[in-house]
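Visitor: Provided below for reference: sequence and predicted model.
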Amino acid sequence: MAKKRGHGEGTVYKVGRRYRAQVMVGGVFHRAYFDTEKEALTWLAEIRVRAARGMLPEPSKVTLGEYLQHWLENGARHTVRPWTYVSYESRVHIIPELGHIRLQALKPSDLEAFYSRKLQAGLSRRSVAFLHAVLRRALGHAERLGLIDRSPAGRVEPPRWNAPQARTLSPAEAARFLEAARRSEYYPLFVLALATGMRKGELLALRWSDVDLAEGTIRVTRALYRVGGRWVEGEPKTAAGRRKVVLPPGAAAVLKEHRVAQLEARLRAGADWTPEPGLEDLVFTSRTGKPILPRNVNRALEAVLRRAGLPQLRFHDLRHSHATLLLKEGVNPRVVQERLGHSTVSLT
């Protein structure tokens with residue numbers, strides 16, 4: 001039974017267990033399917049708003065390249081984290097190879113051939129899988145808008161790649177790691193990583209205004225990433241990522257010493273201390289007050305591990321090590337979850 005609406009507002013039909021919404025806007029017919037009536041009605045409202053603002057391209061003529069640019073500006077920009085958006089933006093090199101194809105004419109075989117060419121050109125499986133993820137999200141949005149009947153990306157199997165296995169440090173290895181790290185200029189950062197389980201982006205974004213040395217706590221409120229040659233700051237990975245973390249006494253002492261050392265370095269640098277605008281209060285900086293490049297942290301980590309005689313691991317493995325060490329000490333999994341900022345205990 002159709003849900004009757006006013007002229008030009010569209011119609012919602014119950015089709016089996018799903019709801020079909022359809023509307024004619026500017027002589028163009030739009031249709032999409034949803035699991036709930038509420039989603040269908042929301043879509044109809046969105047279509048009308050976009051049409052009123054001139055944001056809807058003509059479905060039969062728009063190319064994939066035109067649509068991707070439209071999606072980046074009007075869809076992805078407002079629905080993903082800033083650094084994810086910049087990552088999507090940097091992947092628009094999809095356009096030179098597929099951009100000329102009409103959106104409604106794009107076939108699964110076009111995507112399969114594109115992925116194959118990228119792999120043969122030397123692009124890693126992980127990178128090609130990310131290209132697929134961008135296309136799947138963008139084309140899924142086009143399907144919801146009724147610009148295409150069905151996303152071709154949903155019918156293509158992306159290249160498989162093996163995610164690196166997490167490796168954790170034992171208590172003895174953690175002690176060796178920290179001892180070897182004393183010779184690194186990033187020693188305070190490594191101490192905090194292992195003592196708090198904070199993500200690299202969270203540590204790089206940490207400000208002194210987030211640190212209460214008297215109370216011995218840190219407020220995790222943001223993350224900082226280097227993407228596409230620019231610094232991108234945003235919210236933590238999840239809502240649970242906004243949290244207060246209690247510092248172990250040893251880590252708090254290291255941070256106090258680091259505060260004094262940084263103030264002395266700033267005085268020595270004088271006019272050469274030139275922090276990025278809006279990032280003047282960072283806890284961890286370069287010798288000129290700028291944010292630390294993530295690749296420099298990775299290089300320092302590799303050097304510390306070699307010096308300690310430990311197998312190589314990723315920076316994120318320090319986070320896993322923090323959780324494992326706490327669990328081995330009998331700390332309640334719920335407490336560990338909250339320290340890490342995980343949304344559920346199962347992720348810990």
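Guide: Okay, I see it. Numbering: from 1, shown residues only.
Visitor: can we go C-alpha only for contacts and neighbour counts from here?
Guide: Will do.
Visitor: which stretches of the stretch 51-200 of the chain have low pLDDT?
Guide: Scanning the stretch 51-200 of the chain for pLDDT under 70 picks out 51-60, 76-93.
Visitor: now the helices for it?
Guide: For the stretch 51-200 of the chain, the helices defined by DSSP state H, counting those that start in this stretch cover 64-74, 82-90, 95-98, 108-120, 125-144, 171-181, 187-196, 200-205.
Visitor: Report the buried residues of the fifth one.
Guide: Yep, that's helix 125-144 we're talking about. Within helix 125-144, the residues that count as buried by 16 or more other CA atoms under 10 Å are 125, 127-132, 134-144.
Visitor: Tell me which residues touch Ala180, please.
Guide: 304-305, 307-308 (CA atoms under 8 Å, 6 or more residues apart in numbering).
Visitor: The helices of the stretch 51-200 of the chain into CSV, with extra columns for distance to Gln312?
Guide: Below are the helices of the stretch 51-200 of the chain laid out as CSV (distance: least, CA to CA, whole Å):
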stretch, distance to Gln312
helix 64-74, 37
helix 82-90, 27
helix 95-98, 37
helix 108-120, 27
helix 125-144, 20
helix 171-181, 11
helix 187-196, 15
helix 200-205, 17
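Visitor: so which of the ones you listed comes closest to Arg155?
Guide: Between Arg155 and the helices of the stretch 51-200 of the chain, the tightest spacing by CA to CA is seen for helix 108-120, at 6.4 Å.
Visitor: Against which helices or strands is the closest one packed?
Guide: helix 125-144 (3 or more CA pairs under 8 Å, 6 or more residues apart in numbering; DSSP states H and E).
Visitor: Point out the other helices and strands that the helix it packs on packs with.
Guide: Secondary elements touching helix 125-144 (3+ CA pairs under 8 Å, 6+ apart): strand 28-34, helix 64-74, helix 108-120.
Visitor: ok, back up a step: list buried members of the contacts of Ala180 by neighbour count.
Guide: Buried members of those, counted by 16+ other CA under 10 Å: 304-305, 308.
Visitor: domains in this structure, as residue ranges please.
Guide: The chain breaks down by automatic domain parsing into domains covering 1-56, 59-162, 171-347.
Visitor: Tell me where the model's unsure across the stretch 201-348 of the chain.
Guide: Scanning the stretch 201-348 of the chain for pLDDT under 70 picks out 228, 237-240, 341-348.
Visitor: tell me the helices in it, going along the chain?
Guide: Using DSSP H, counting those that start in this stretch, helices in the stretch 201-348 of the chain cover 249-269, 294-308, 316-328, 333-340.
Visitor: need the ones you listed in JSON lines with distance to Ala166, can you?
Guide: Listed next are those as JSON lines, based on distance: least, CA to CA, whole Å:
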{"stretch": "helix 249-269", "distance to Ala166": "24"}
{"stretch": "helix 294-308", "distance to Ala166": "16"}
{"stretch": "helix 316-328", "distance to Ala166": "6"}
{"stretch": "helix 333-340", "distance to Ala166": "16"}
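Visitor: closest one to Arg117 among those helices?
Guide: Closest of these to Arg117 is helix 294-308, at 28.9 Å (criterion: CA to CA).
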